[in-house]
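K.L.:
how does the following fold in three dimensions:
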Amino acid sequence: MCIEIRREITPLKESDCFLIIDRKQNAFNYPVHFHPEFEINFVINGTGSKRIVGDHISEVGEMELVMVGPNLYHGWENGNMNLDSKYRQITIQFSRDLFTNSYLCKKDVKPIKELLNNSCRGISFSNETINKVHHKIIKLTKLEGFEAFLLFQSFLYDIANSANQSFLTNLSFNHENDFYNSERIEKAYKYIVSNFHKKLRLEETAESISMSAITFSRLIKQRTGKSFVDFVNEIRLGYATRHLIESNKTVSEIGYICGFNNLSNFNRIFKKRQGCTPTEFRKDFESVKAIA
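P.N.:
Numbering: from 1, shown residues only. Just a heads-up that it's a prediction; the model follows:
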């Protein structure tokens, strides 16, 4: 059964630079939804709760800091959380037009441009980063006006430059990619997206962008940290997880149309990346009700 995931109308006004919401509650249920604004969530005392971003489902630790890009599915639920203790969630939302392209093209703010582009896959920040920046997030809840906006930009710059950022979704899940800084990888990505349902060979893909197979293989590894096969499979998994969420197709049908040669191969690769089988993933996602 497919899940109806609704768009949320956020309270962000056209005149706002950004919106910050500070919640302290026992329950932690925010059904899966999406909206066109960027969103950053800082959670304290959330151990045991479940977080969903795109096609990524994970249990939350004591503290977490996550950023999601425009229209990327996200939500939280209590899971195994201890409901006797209060959690705190600070949410920051801002629109896509807050920073102009001409501003983001400036050398000094390039890291923020990369952060915004990468957020289309969802970003989880390390505990080390959280320890360095959490005081700024908390201070933002107490400031207003231009002083708040200056601190907000400083906070974005800090997390943009932080180490050990983790992308949460599979490639292609959000129909966007983060290869804006590599024209050849961008072309290869588009070729694979157009042909992912077929049997793809390294040599043919390299030829499509006028490169030798050896040079292309080295470029893929250098830019993505993945082999060609893993790169293709992650793109396929992005489409597969969307079908599992949004369609009524069977698991075997989805595996076939996404380019996996048989069901056992699909199950094996899916479980290796997602930590569960396609059937388990669908059931887990269906357990979270959409916004009414």
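
K.L.:
confidence score at Ile9?
P.N.:
Looking at Ile9, its pLDDT stands at 83.

K.L.:
what's the closest non-adjacent residue to it?
P.N.:
In space, and not counting its chain neighbours, Ile9 is closest to His35: 7.4 Å by Cβ to Cβ, 6 or more residues apart in numbering. Backbone N, C-alpha and C define where each C-beta goes, glycine included.

K.L.:
would you list every one of the helices in the protein?
P.N.:
Taking DSSP state H, the helices of the chain run over residues 101-104, 110-118, 127-140, 145-160, 183-195, 202-208, 213-224, 228-246, 251-257, 263-274, 278-286.

K.L.:
possible to save those helices as a markdown table with mean pLDDT, mean neighbour count and distance to Gln25?
P.N.:
A markdown table is the format used below for the helices of the chain (pLDDT from 0 to 100; neighbours: other Cβ atoms under 10 Å; distance: least, Cβ to Cβ, whole Å):
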| stretch | mean pLDDT | mean neighbour count | distance to Gln25 |
| --- | --- | --- | --- |
| helix 101-104 | 90 | 10 | 35 |
| helix 110-118 | 94 | 18 | 28 |
| helix 127-140 | 96 | 16 | 17 |
| helix 145-160 | 96 | 16 | 23 |
| helix 183-195 | 85 | 17 | 41 |
| helix 202-208 | 92 | 17 | 49 |
| helix 213-224 | 86 | 16 | 39 |
| helix 228-246 | 92 | 22 | 27 |
| helix 251-257 | 95 | 18 | 37 |
| helix 263-274 | 93 | 17 | 29 |
| helix 278-286 | 87 | 17 | 23 |
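
K.L.:
turn these into JSON lines, columns for distance to Thr169.
P.N.:
Conversion of the helices of the chain to JSON lines gives the following (distance: least, Cβ to Cβ, whole Å):
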{"stretch": "helix 101-104", "distance to Thr169": "22"}
{"stretch": "helix 110-118", "distance to Thr169": "11"}
{"stretch": "helix 127-140", "distance to Thr169": "19"}
{"stretch": "helix 145-160", "distance to Thr169": "18"}
{"stretch": "helix 183-195", "distance to Thr169": "15"}
{"stretch": "helix 202-208", "distance to Thr169": "22"}
{"stretch": "helix 213-224", "distance to Thr169": "14"}
{"stretch": "helix 228-246", "distance to Thr169": "7"}
{"stretch": "helix 251-257", "distance to Thr169": "17"}
{"stretch": "helix 263-274", "distance to Thr169": "11"}
{"stretch": "helix 278-286", "distance to Thr169": "13"}
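
K.L.:
which one of those lies closest to Tyr30?
P.N.:
The closest of those to Tyr30 is helix 278-286. By Cβ to Cβ, the value is 14.6 Å.

K.L.:
what about the residue nearest to Ile9, distance to Val53?
P.N.:
From His35 over to Val53 the distance is 13 Å, taken as Cβ to Cβ, to the nearest Å.

K.L.:
who has more neighbours out of these two?
P.N.:
Between His35 and Val53, Val53 has the larger neighbour count (other Cβ atoms under 10 Å), namely 26 against 19.

K.L.:
hang on, the earlier thing: to Ser15, which of the helices of the chain lies closest?
P.N.:
That would be helix 145-160 among the helices of the chain, by Cβ to Cβ, at 12.5 Å.

K.L.:
which strands or helices does that closest one pack on?
P.N.:
With contacts taken as 3 or more Cβ pairs under 8 Å, 6 or more residues apart in numbering; DSSP states H and E, helix 145-160 sits against helix 110-118, helix 127-140.

K.L.:
from Glu39, how far out is Val53?
P.N.:
Applying Cβ to Cβ, the value for Val53 to Glu39 is 10 Å.

K.L.:
which residues are common contacts for these two?
P.N.:
68, 74 (Cβ atoms under 8 Å, 6 or more residues apart in numbering).

K.L.:
name all residues that make contact with the one residue sitting closest to the centre of the chain.
P.N.:
Centroid check for the chain by Cα atoms, centre = their mean gives Gly122 as the closest residue, at 2.0 Å. Residues counted as contacts of Gly122 (Cβ under 8 Å, 6+ apart) are 53-54, 56, 66-69, 72, 74, 167-169.
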